[in-house]
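Peer 1: whatever this is, show me its structure:
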Amino acid sequence: MPRRRRGRGGGEGCRAVVETSAGGVIYRWDGHTAHVLLIRDRYQHWGFPKGHLEGAETAAALWGAAHLLTMLHDPAGPPTTGEVLRFLGRDFAASPGAFVLRRLDFVRLLLKPGGGSYLAGRFVATAGEASMLRVAVHAALDVPFVLALVLAPFGAALARRRRLAAVLMLWPPILMAMVALVLWAGTRFRAPAEPVLLALMAVVLAGEWRRPGRVALTLAAGASLVVAGLIAVSVPSVMIPRAGYGVSAAPSPESDTPFTGAMGAYVDSKGTALVISLQSAGAAPIAVTVRVDGKTADAFTFAGSAHRRYTFDTPRRVYLEVAATEAGRPAPVVLRLE
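Peer 2: Numbering: from 1, shown residues only. Next up, the predicted model:
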């Protein structure tokens, strides 16, 4: 268990979450010159493509996926079925256990509700609105999707047109197995299966079912339990994300972010430290409370300007909240990430 650290600015650090990033150097050779791909991040910094690993992803797995995508975009033409099968065979031979576990985790990620990812990129005016948006997104996006996943097997068992229902029920697992086998996972890859899941859920909700056989009902219950178990593993990571508030965009290093009263947004630490500076227009003392990932990390009073530093065990992305008041009223403050 990572230990709790205390920030140098007097605030209490938060429990670290270990995260691993992976990236690569993507280039194109035209026979005389190498063209290297660079991207500009949201902080306007140029660099090589990289990102956090998710689920069972590993650097080797991402390299394999990149290699496969390179094959798919080869100017000489897409890979043949044999080439793809040989690629998968080499991946399996290198580590059969890791290959199977990685694909199973990709399936879990395909079944993961997408409300958390949606919330992490949204901004509203106040913390209250952020909380209401959180409830609305989970109710409108995640709950129907989870119900569709859990009820779809019962829809196939209860449908009057058995053969059609059986064919429809085969499509979601076939699609997800193909995606998990060849590429990786993500909510956008499951989109072709969602209409089928909703249709089978509608069978359950509509009523007037035919009497199902015991075997069909048992298989449906088993499939629903497996799906529910896979979803349950993802629930904590789905429920944690929040929308930003008080600002129109996430604060970025070396840029001023003005706000009045309170703000909240996801920010990235610089190495193992998060350094913030606050500035006020007047000389009156301003009371500040800093929260990191929902926990109070610091509380202090300043006039004019203040610098605070919070350290972690590893580089990480955190949800930073800053509340500023002057004589009990919301105070205008300028925040900067150093």
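Peer 1: phi, psi of Thr126?
Peer 2: Main-chain torsions, Thr126, degrees, to the nearest 10: phi -130, psi 170.
Peer 1: residues near it, how many?
Peer 2: By other CB atoms under 10 Å, 14 other residues sit near Thr126. To be clear about C-beta, it is placed using only N, CA and C from the backbone, and glycine gets the same treatment.
Peer 1: so what's the nearest residue to it once chain neighbours are set aside up against?
Peer 2: Residue nearest to Thr126 in three dimensions, not counting chain neighbours: Tyr245, with 5.6 Å by CB to CB, 6 or more residues apart in numbering. The contact partners of Tyr245, taken as CB atoms under 8 Å, 6 or more residues apart in numbering, are 123-127, 129-130, 262-265.
Peer 1: in TSV, list the residues you listed along with secondary structure.
Peer 2: Supplementary listing: the contacts of Tyr245 in TSV, determined by DSSP: H, G, I helix; E, B strand; the rest coil:
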residue	secondary structure
Phe123	strand
Val124	strand
Ala125	coil
Thr126	coil
Ala127	helix
Glu129	helix
Ala130	helix
Ala262	strand
Met263	strand
Gly264	strand
Ala265	strand
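Peer 1: switch those over to JSON lines; also include pLDDT and distance to Thr314.
Peer 2: Listed next are the contacts of Tyr245 as JSON lines, based on pLDDT from 0 to 100; distance: CB to CB, whole Å:
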{"residue": "Phe123", "pLDDT": "93", "distance to Thr314": "27"}
{"residue": "Val124", "pLDDT": "94", "distance to Thr314": "30"}
{"residue": "Ala125", "pLDDT": "93", "distance to Thr314": "33"}
{"residue": "Thr126", "pLDDT": "93", "distance to Thr314": "32"}
{"residue": "Ala127", "pLDDT": "92", "distance to Thr314": "28"}
{"residue": "Glu129", "pLDDT": "94", "distance to Thr314": "32"}
{"residue": "Ala130", "pLDDT": "93", "distance to Thr314": "27"}
{"residue": "Ala262", "pLDDT": "94", "distance to Thr314": "28"}
{"residue": "Met263", "pLDDT": "93", "distance to Thr314": "25"}
{"residue": "Gly264", "pLDDT": "94", "distance to Thr314": "22"}
{"residue": "Ala265", "pLDDT": "93", "distance to Thr314": "20"}
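Peer 1: helix, strand or coil for the residue most central in space within the chain?
Peer 2: Nearest to the geometric centre of the chain sits Ser117, at 4.7 Å (CA atoms, centre = their mean). Three-state call for Ser117 (three-state DSSP): helix.
Peer 1: got a list of what it touches?
Peer 2: 187, 241.
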